[in-house]
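Q: From the sequence below, what's the structure:
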Amino acid sequence: MDSADSAGTRQTTDDVAGVRVRAARAADGAFILPLVPRLAEFGPPPWRDEAVMTAAESGVIAEALRAPASDEAIFVAEDDDAQPLGFIHLVTATDYFTRAPHGHVSALVVAPAGEGRGVGRALMGAGEEWARARGYPLLTLNVFARNSNAIKFYGRLGYGADTLKYAKEL
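A: So this is what the prediction gives:
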């Protein structure tokens with residue numbers, strides 16, 4: 001069960017004790033942006049340059065922190081001492097087939113201090129709640145095929161493959 005205080009902080013009481021999720025503030029960039037390189041730690045395909053990936057993601061997230069659009073959100077998970085433990089960036093996407101809007105997880109990163117503490121689960125729960133509140137029928141995400149830990153994590157949360165994107169370096 002989730003409850004919220006007037007500041008928009010979510011305390012998840014199901015299975016993520018001691019982890020709160022709240023809306024990010026511009027000042028959270030000092031915590032969030034240094035975590036972005038973790039998105040490529042799994043070892044992306046050889047045709048993807050980790051520095052280019054990190055720069056692109058950092059730019060998108062920095063802009064979302066600076067001037068958030070009405071159809072996106074960033075949430076930060078923190079512990080009882082307000083120590084930040086991870087973040088999720090959510091955007092509105094459009095389904096290719098139905099043209100209907102849906103929620104999309106653009107980025108999910110857990111800090112080393114938050115690993116194994118239910119932080120990812122709490123952030124995904126906040127993402128699902130964000131999407132439901134907008135009436136979206138789906139919450140989607142992309143995961144690199146080589147990122148087996150993330151694939152297992154999302155599977156445990158009930159996510160399954162929709163389409164598979166193949167690439168060939170030319």
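Q: Every contact and neighbour count from this point should use C-alpha atoms.
A: Will do.
Q: At which residues are the strands of the chain located?
A: 2-4, 10-12, 20-23, 72-78, 84-94, 101-110, 139-141 (DSSP state E).
Q: The longest one pairs with which strands, parallel or anti?
A: Applying DSSP bridges to the sheet, strand 84-94 is found paired with strand 72-78 (antiparallel), strand 101-110 (antiparallel).
Q: ok, now the third one?
A: In its sheet, strand 20-23 lies beside strand 10-12 (antiparallel), strand 72-78 (antiparallel), with partners assigned from DSSP bridges.
Q: quick one: whichever helix in the chain runs longest to strand 72-78, angle?
A: If you go by DSSP state H, the chain has its longest helix at helix 50-66. Helix 50-66 runs at 100 degrees relative to strand 72-78, counting by axes from the mean of the first three to the mean of the last three Cα atoms, to 10 degrees.
Q: For helix 50-66, which helices and strands make contact with it?
A: strand 72-78 (3 or more Cα pairs under 8 Å, 6 or more residues apart in numbering; DSSP states H and E).
Q: how about a cut-off of 10 Å?
A: The helices and strands touching helix 50-66, judged by 3 or more Cα pairs under 10 Å, 6 or more residues apart in numbering; DSSP states H and E, are helix 29-32, strand 72-78, strand 84-94, strand 101-110.
Q: Please save the CA atoms from the second one in CSV.
A: The one in question is strand 72-78. Output of strand 72-78 as CSV, limited to C-alpha atoms (Å, rounded to 0.1, in the frame of the first residue of the first chain):
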residue,chain,number,x,y,z
GLU,A,72,7.4,13.6,-18.2
ALA,A,73,8.6,13.2,-14.6
ILE,A,74,11.7,12.3,-12.6
PHE,A,75,11.4,10.6,-9.2
VAL,A,76,14.1,10.1,-6.6
ALA,A,77,14.1,7.2,-4.1
GLU,A,78,15.7,8.0,-0.8
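Q: from the chain's centre, how far out does that strand sit?
A: Here strand 72-78 is found 8 Å from its chain centre; the criterion is Cα atoms, centre = their mean, to the nearest Å.
Q: Kindly state the beta-bridge partners for the closest residue to residue 140 other than its chain neighbours.
A: Distances taken as Cα to Cα, 6 or more residues apart in numbering put residue 104 closest to residue 140, at 4.6 Å, once the chain neighbours are dropped. For residue 104, the beta-bridge partners under DSSP bridges are residue 91, residue 140.
Q: mean confidence for stretch 24-42?
A: When pLDDT is averaged over stretch 24-42, the result is 96.
Q: related to what we said a few turns ago, deepest-packed of the strands paired with strand 20-23, please.
A: Mean neighbour count (mean count of other Cα atoms under 10 Å) peaks for strand 72-78 among the strands paired with strand 20-23, with a mean of 24.
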